[in-house]
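Colleague: Sharing a model that was predicted from the sequence below.
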Amino acid sequence: MKRFRHLYPKAVKAIIDCHYVDDYVDSFATESKAISVSTRVKEIHANAGFELCQFSSSSPIVEAALGAPDEE
């Protein structure tokens, strides 16, 4: 994760601060921020061989961008 710390500092902080066991739980002020940070979080995890799936959001726009639970 060190190599991503400078590229995506908000995503790395989210990975460190917003995980509970194997769940990633976060909250954002805007849909664009939710999509941006969560996409990077997924990318960093995928690079390490972990797949995050079943994203859920109160925003249909965010769910469409990240993949709603029933799409997995």
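Modeller: Good, I have the coordinates.

Colleague: Strands of the chain, residue ranges please.
Modeller: 19-20, 23-24 (DSSP state E).

Colleague: R40: neighbour count?
Modeller: R40 has 19 neighbouring residues, counting by other C-beta atoms under 10 Å. C-beta: built from backbone N, CA, C; applies to glycine.

Colleague: What pLDDT does the model give it?
Modeller: On pLDDT, R40 comes in at 93.

Colleague: Now the strands of the chain in JSON lines, please, with extra columns for mean pLDDT and distance to S58.
Modeller: Below are the strands of the chain laid out as JSON lines (pLDDT from 0 to 100; distance: least, C-beta to C-beta, whole Å):
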{"stretch": "strand 19-20", "mean pLDDT": "84", "distance to S58": "19"}
{"stretch": "strand 23-24", "mean pLDDT": "88", "distance to S58": "16"}
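
Colleague: next one: stretch 23-30 to chain centre, how far?
Modeller: 8 Å (C-alpha atoms, centre = their mean, to the nearest Å).

Colleague: What are the buried residues along it?
Modeller: Neighbour counts over stretch 23-30 (16 or more other C-beta atoms under 10 Å) mark F28 as buried.

Colleague: contacts for that stretch?
Modeller: A14, I15, C18, H19, A34, V37, S38, V41, L52 (C-beta atoms under 8 Å, 6 or more residues apart in numbering).
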